[in-house]
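Enquirer: show me the folded form of this:
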Amino acid sequence: MLGKKIIAVIFGAVILIKLAFLLISPSLWLGATQVFLGHYAAMMGIYLVLLVITGYFVFTSLDLIDVAVVMLFTSILLGLSLIPYLASMPNLPEAIVSVGFGKVWPAWILWAAIAVAVLYRIFTGKKEK
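Expert: Here you go, the predicted structure:
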């Protein structure tokens, strides 16, 4: 329980810090993001480590159906956040398709595994511990 609370505090603090930077100094936030985005492999590694850590707490303490609902909510919230920027990203859909499976396979495998697990859980009626 303490681990989940620590992760929740980190989440809340990071979100509020990010929003504060965006409101107070967007150029400073942009500069910081450019520095991070320049290190593709490191960013991928950091995200995978964070995914494993948070995934452990999520999948060991929550029902899979609840996880799926929260993931849907988060995906919709992310989509809502990006809608105002669609005019700035006219080539994004083509870029996503052209990159294909080559660079995004870890995320695609995780999305597919979670989706299959959710459908299996629902249609077989298996109860989680």
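Enquirer: could you use CA atoms for every contact and neighbour count after this?
Expert: OK.
Enquirer: what is the burial count for G79?
Expert: G79: 11 surrounding residues under other CA atoms under 10 Å.
Enquirer: what's the answer for the one 10 residues further on, then?
Expert: Taking other CA under 10 Å as the criterion, the count of residues near M89 is 10.
Enquirer: dihedrals phi and psi, it?
Expert: Torsion angles at M89 (phi, psi; degrees, to the nearest 10) stand at phi -120, psi 60.
Enquirer: okay, buried residues for the host helix or strand of Y120 please.
Expert: Using DSSP states H and E, Y120 sits within helix 101-124. For helix 101-124, a neighbour-count test (16 or more other CA atoms under 10 Å) marks V118 as buried.
Enquirer: helices or strands next to that helix in the packing?
Expert: If you count contacts as 3 or more CA pairs under 8 Å, 6 or more residues apart in numbering; DSSP states H and E, helix 101-124 packs onto helix 64-82.
Enquirer: quick one: average pLDDT of the helix holding Y120?
Expert: Averaged over helix 101-124, pLDDT sits at 89.
Enquirer: and it with helix 64-82, angle?
Expert: 140 degrees (axes from the mean of the first three to the mean of the last three CA atoms, to 10 degrees).
Enquirer: how far away from the center of its chain is helix 101-124?
Expert: Using CA atoms, centre = their mean, to the nearest Å, the mean C-alpha position of helix 101-124 is found 14 Å from that of the whole chain.
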